[in-house]
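Peer 1: Let's see this in three dimensions:
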Amino acid sequence: MRRAQAGDRPAFEQLYRDNVGRVYALCFRMAGTADLAEELAQDVFVRAWQKLGSFRGESAFSSWLHPLTVNVALSERRSRRRRVARIVTTDDLTAFERPGPPARSDGPAAGFDLERALATLPPGARAVFVLHDVEGYKHEEIAELTGVATGTSKAQLHRARKLLREALTR
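Peer 2: Reported below is the predicted structural model:
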């Protein structure tokens with residue numbers, strides 16, 4: 001860590017290799033697509049390199065990296081929402097409906113795929129579900145991170161769970 005903070009790129013590359021799997025997994029759960037998750041994971045490590053001087057060593061590097069990852073994923077979601085709001089002007093809302101259920105297989109590989117079901121959730125519900133049920137954040141923390149009211153966080157979690165139950169029982 002100290003070598004990376006001093007600008008040693010191979011030391012930072014090792015930190016990257018040690019943590020990229022967890023960062024990507026969280027980004028994937030937050031984003032819902034592999035392409036966006038890869039992009040977000042790269043953004044996380046670019047930001048980590050830029051902010052490495054602020055790491056004080058009071059916790060593990062992975063613990064310091066976790067909120068940075070959440071913030072990068074949420075920032076991307078907010079900026080995407082702003083771009084869509086500026087660009088799209090239509091009365092046809094079908095483009096904004098959540099995707100239909102994935103095709104069901106009756107073969108031996110049939111069953112549920114939680115990651116695929118998560119990807120079908122609307123972005124707000126998916127973010128709250130991942131932050132609360134997967135990452136263990138409290139509703140108050142989620143509200144602060146996402147900029148919504150605590151009650152909205154609770155409602156989004158309820159909605160996410162309901163939609164996941166429906167997706168997983170089809």
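Peer 1: Please make it C-alpha for all contacts and neighbour counts, starting now.
Peer 2: Fine.
Peer 1: Please name every helix or strand in contact with the helix ranked longest in the chain.
Peer 2: Ranked by residue count under DSSP state H, the longest helix found in the chain is helix 61-87. Helices and strands touching helix 61-87, as assessed by 3 or more Cα pairs under 8 Å, 6 or more residues apart in numbering; DSSP states H and E, comprise helix 9-31, helix 34-51, helix 139-146.
Peer 1: by how many degrees do that helix and helix 34-51 diverge?
Peer 2: Orientation check (axes from the mean of the first three to the mean of the last three Cα atoms, to 10 degrees): helix 61-87 against helix 34-51 gives 120 degrees.
Peer 1: how far does helix 61-87 sit from the chain's center?
Peer 2: Distance of helix 61-87 from its chain centroid, counting by Cα atoms, centre = their mean, to the nearest Å, is 8 Å.
Peer 1: buried residues in that helix?
Peer 2: Of the residues in helix 61-87, those with enough neighbours to count as buried (16 or more other Cα atoms under 10 Å) are Phe61, Trp64, Leu65, His66, Leu68, Thr69, Val70, Val72, Ala73, Leu74, Arg77.
Peer 1: my guess is Ala167 contacts Glu115, does it?
Peer 2: No - the pair Ala167 / Glu115 is not scored as a contact, 11.1 Å apart, by Cα atoms under 8 Å.
Peer 1: Right, I'll leave it there.
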